[in-house]
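Participant: The amino acid sequence is not available; the structure is as follows:
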């Protein structure tokens, strides 16, 4: 399973884009990059995932570099409710599909 | 997205008693469920993988006789903390996989906070 590295914390101004980086230099060809977030005292919430191509949904965009060694999660217009711990995870390439969480990035959106 | 529900959301028990936590997938069938534990200001730690109709697979260092997992149906998995002690106090979270193969999304329950006195 590929290890991911994220900055421990980031700040973002409300209404601005939040760009959360993630390094996964040892990711294998069939491992997906998943992003989850956890708001205090709640279960993690799925945000987005991708393999090679950039992805966008109603919550965020995921930009994966061509060599797949890093990715960036973009929240286009951060709100105070986006304050949470964001986890970048390389999904194990096995049938169990379990998620192994790292330390994540604590994003603080400020007014 | 799919809904995963846990019950109870919080529980307080005396040391030495056993506590059961339920995890249900409400609108989909989950052949695989996962149980995590989270201590304050720490990340989630995977405890075990639960497959419907078979024995759970525990992660290294997790005592299978202390944390009993049952996955008797496609919508329900239970975690029983046996003979709980204060060090077992934690936030327990389950997740269930929707869809086939490992690309299926994992949906998480709201978590169950256990406090052992």
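Facilitator: Cool, the structure landed. The model shown is predicted, which means the values in this text are computed figures rather than measured ones.
Participant: those strands in the chain, which residues are they?
Facilitator: By default, I'm working from chain A. A:9-13, A:18-23, A:33-38, A:45-50, A:55-56, A:61-64, A:70-75, A:84-90, A:105-110 (DSSP state E).
Participant: nope, chain B
Facilitator: Using DSSP E, strands in chain B cover B:4-7, B:10-13, B:19-25, B:32-38, B:45-51, B:57-58, B:67-73, B:76-81, B:90-97, B:106-108, B:112-116.
Participant: what's the closest of the strands of chain A to residue B:38?
Facilitator: Evaluated over the strands of chain A, closeness to residue B:38 peaks at strand A:33-38, with 8.6 Å, by C-beta to C-beta. The C-beta positions use only the backbone N, C-alpha and C, and glycine is treated the same way.
Participant: check contacts around the closest residue to residue B:20 other than its chain neighbours.
Facilitator: Excluding its sequence neighbours, the residue lying closest to residue B:20 (C-beta to C-beta, 6 or more residues apart in numbering or on different chains) is residue B:80, at 4.7 Å. Contacts for residue B:80 (C-beta atoms under 8 Å, 6 or more residues apart in numbering or on different chains) come out as B:18, B:19, B:20, B:21, B:67, B:68, B:69, B:70.
Participant: coming back round to it: turn the strands of chain A into a markdown table, columns for mean pLDDT, distance to residue B:39 and mean neighbour count.
Facilitator: Output for those, formatted as a markdown table (pLDDT from 0 to 100; distance: least, C-beta to C-beta, whole Å; neighbours: other C-beta atoms under 10 Å in any protein chain shown):
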| stretch | mean pLDDT | distance to residue B:39 | mean neighbour count |
| --- | --- | --- | --- |
| strand A:9-13 | 97 | 19 | 14 |
| strand A:18-23 | 97 | 23 | 20 |
| strand A:33-38 | 95 | 14 | 24 |
| strand A:45-50 | 92 | 20 | 18 |
| strand A:55-56 | 96 | 32 | 15 |
| strand A:61-64 | 98 | 29 | 19 |
| strand A:70-75 | 98 | 25 | 20 |
| strand A:84-90 | 95 | 14 | 24 |
| strand A:105-110 | 97 | 16 | 17 |
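Participant: By mean pLDDT, flag the weakest helix or strand of chain B.
Facilitator: The least trusted helix or strand in chain B, going by mean pLDDT, DSSP states H and E, turns out to be strand B:106-108, with a mean of 88.
Participant: Wait, residue A:26 touches residue A:67, no?
Facilitator: No - applying C-beta atoms under 8 Å, one finds residue A:26 not in contact with residue A:67, separated by 11.8 Å.
Participant: Now do the same for the residue sitting nearest the centre point of chain B: its pLDDT.
Facilitator: Residue closest to the average C-alpha location in chain B (C-alpha atoms, centre = their mean): residue B:35, at 3.4 Å. pLDDT, residue B:35: 96.
Participant: Same question for residue B:113.
Facilitator: Taking residue B:113 on its own, its pLDDT is 97.
Participant: Who is it paired with across the strands?
Facilitator: Counting by DSSP bridges, residue B:113 is bridged to residue B:10, residue B:91.
Participant: now swap in residue A:109 and tell me
Facilitator: residue A:12.
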